[in-house]
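Engineer: Okay, predicted coordinates and the sequence, questions at the end:
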Amino acid sequence: MSRGTPPESASELTFDQELLLWLGDEPLSVRDADAERIHDIAAEFAMGFDALAMIGPAVTVFGSARTPSDHPDYQLMREVGAELGRAGYAVITGGGGGLMEAANRGAQEAGALSVGCNIELPREQRLNDYVDIGLCFRHFFARKVMFVRYASAFVIGPGGFGTLDELFEAVTLIQTATIRHFPVILVGAAEWAGLLAWLRERALAGGRIDPEDLAALRVISDPAEAIPIVSAARSRQETHGRAQRRRGALGTRPSGAEPPTGRGGPGTG
């Protein structure tokens, strides 16, 4: 099952490219079009919420789209997907090739639900062949919400800027207590040793992060090591979630809840 509309041609601007173009001398009609964009964005969120609402326990897996299928990292992440699938977790990826395909493939081969949340890019990225639910997003931020909202953990394989973006977005959400009891599992000790050393020796030593911020990053070498970490976190998430008061239907707030003020909380350096 695939939802969403890919770009019609490589020469067309993507939604995000157009949205983030420099603003200055454009006609008023261009700014007026922002109201229409709000409807497009809301529709994209609704599409994702509708498609993923009933997928059950899940883990989001990230990794390079450029890794060929004969690379050792591909087999490693394929086994990660299989281990998660055998443990009863759906696997969510960015839906592309490389290590995303590997994780989707492993999950599907294990009989688990395999989900791909693809993104419209200037150079088209097609969904891989191993997804049961395939979604195509036009806005990175809507897609990012799906990665977090329906997952109990992130598993991060070797990757480039996109993978690192998701890694640091996750730890920022954890640092700000936006998400709770959410492990970020790094696959391959050698792959991450340099980055973790820099974080300890520069960011931590300089007082820019706290020790508990680093504690959210868990390093594994064997894919099977991910399962007890994820399962323990999911148990804590369920306990925490049941104790929280949530917004009800039709936008009603729990008794005593204050409406949003329109101001953000403190930044995170």
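Structural biologist: Ah, there it is. Numbers count the residues shown, from 1 in each chain.

Engineer: what about G56, how many residues close to it?
Structural biologist: When neighbours are counted by other C-beta atoms under 10 Å, G56 registers 11. Any C-beta I mention is one placed from the backbone N, CA and C, and that applies to glycine too.

Engineer: Run through the residues that contact P68.
Structural biologist: 74, 98 (C-beta atoms under 8 Å, 6 or more residues apart in numbering).

Engineer: Would you map the helices across the stretch 1-150 of the chain?
Structural biologist: 15-19, 28-32, 34-52, 72-86, 98-109, 140-149 (DSSP state H, counting those that start in this stretch).

Engineer: Just send those helices back as TSV, with distance to I133 and mean neighbour count too.
Structural biologist: Below are these laid out as TSV (distance: least, C-beta to C-beta, whole Å; neighbours: other C-beta atoms under 10 Å):
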stretch	distance to I133	mean neighbour count
helix 15-19	21	16
helix 28-32	35	9
helix 34-52	6	14
helix 72-86	14	22
helix 98-109	10	28
helix 140-149	11	18
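
Engineer: I'd like to know which of the ones you listed lies nearest to R218.
Structural biologist: Nearest to R218, of all those, is helix 72-86, at 13.3 Å by C-beta to C-beta.

Engineer: what does that closest one rub up against?
Structural biologist: Applying C-beta under 8 Å, 6+ apart, the external contacts of helix 72-86 come out as 59, 61, 63-64, 67-68, 91, 98-99, 101-112, 114, 155, 157-158, 187-188, 223-224, 226-227, 230.

Engineer: Would you map the strands across this structure?
Structural biologist: Assigned by DSSP state E, the chain shows strands spanning 2-3, 58-62, 90-93, 114-119, 133-137, 154-156, 184-187, 217-220.

Engineer: Alright, I will stop here.
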